[in-house]
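S.K.: Got a predicted structure plus its sequence, pasted below:
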Amino acid sequence: MTKRSKRGSFIVEGPVALFLFLFFFVFPFMDLATITLRTTFLYAAAHNAAWEAARAHTYQTSLDGKPSSIQLANYTAQRVAESFSGVAIKSVKTSIITTDIKTLNQTKQTTLLKAPADSSLNSYQIEVSVNADVSPLILYSGGSNFTDIPGLTKPMNLTFTDRQYCENPQGLNK
């Protein structure tokens, strides 16, 4: 009876085990890391858009060649998202949040203020919501094995919202 050497079995089983390890563990974690990073870029787009929109001199229409809050929010969100691959912005929504200082009641509107802003009675914030598709690094297409799984077989649709205090509330009715 001859004894078999076990040294040669690694050469046969190693590539198969390595392929399974990469396919089932490494690639999904790379996709998860990519989705996380691209989600952070989307958050940065919403945050920067709200910050820029809050600094505008008017809400809806340009004045003296300076862009409005709505224009700045759209431009800034698109500019930040285009700096990175895998983030496709679908919509940017800009709103005015008015908070009564005494009661802390909030109202939200997407139109101009009807009357000039009164900072002694209310505080004013600009809210920007950015809706976008965030794609994974590798899109899997398993046919009938997978259903539609956002972040694995199709891009994830996410919405980020950020608020910043308005620096020029007197321009919210223009």
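M.R.: Done, it's in.

S.K.: thought Ala132 was touching Ala81?
M.R.: Yes: in this structure Ala132 lies within contact range of Ala81 using CB atoms under 8 Å: 6.5 Å. In this view, the C-beta of every residue, glycine as well, is placed from N, C-alpha and C.

S.K.: where do the contact lists of the two overlap?
M.R.: Residues touching both Ala132 and Ala81 by CB atoms under 8 Å, 6 or more residues apart in numbering: Leu42, Ala45, Val87, Ala88, Ile89.

S.K.: For the fourth one, grab phi and psi.
M.R.: Ala88 adopts backbone torsions of phi -120, psi 110, taken as degrees, to the nearest 10.

S.K.: Now stretch 163-174: buried residues?
M.R.: Arg163, Gln164, Cys166, Asn168, Pro169, Gly171, Leu172, Asn173, Lys174 (16 or more other CB atoms under 10 Å).

S.K.: most neighbours, which of the shared contacts of Ala132 and Ala81?
M.R.: Taking other CB atoms under 10 Å as the neighbour criterion, Ala45 ranks highest of these with 28 neighbours.

S.K.: looking at this, it is in a strand?
M.R.: No: counting by DSSP: H, G, I helix; E, B strand; the rest coil, one finds Ala45 to be helix, located in no strand.

S.K.: host element of Asn48?
M.R.: Taking DSSP states H and E as the criterion, Asn48 maps to helix 27-54.

S.K.: Apologies, that question was intended for Gln125.
M.R.: Using DSSP H and E, Gln125 falls in strand 122-134.

S.K.: Measure how that strand sits relative to helix 27-54, angle-wise.
M.R.: Here strand 122-134 points in a direction 150 degrees away from that of helix 27-54 (axes from the mean of the first three to the mean of the last three CA atoms, to 10 degrees).

S.K.: which helices and strands does the helix or strand that strand 122-134 is followed by pack with?
M.R.: Moving toward the C-terminus from strand 122-134, the next helix or strand (DSSP H and E) is strand 156-165. If contacts are counted by 3 or more CB pairs under 8 Å, 6 or more residues apart in numbering; DSSP states H and E, strand 156-165 sits against helix 27-54, strand 122-134.

S.K.: Pull the contacting residues for Thr39.
M.R.: Val134, Met156, Leu158.
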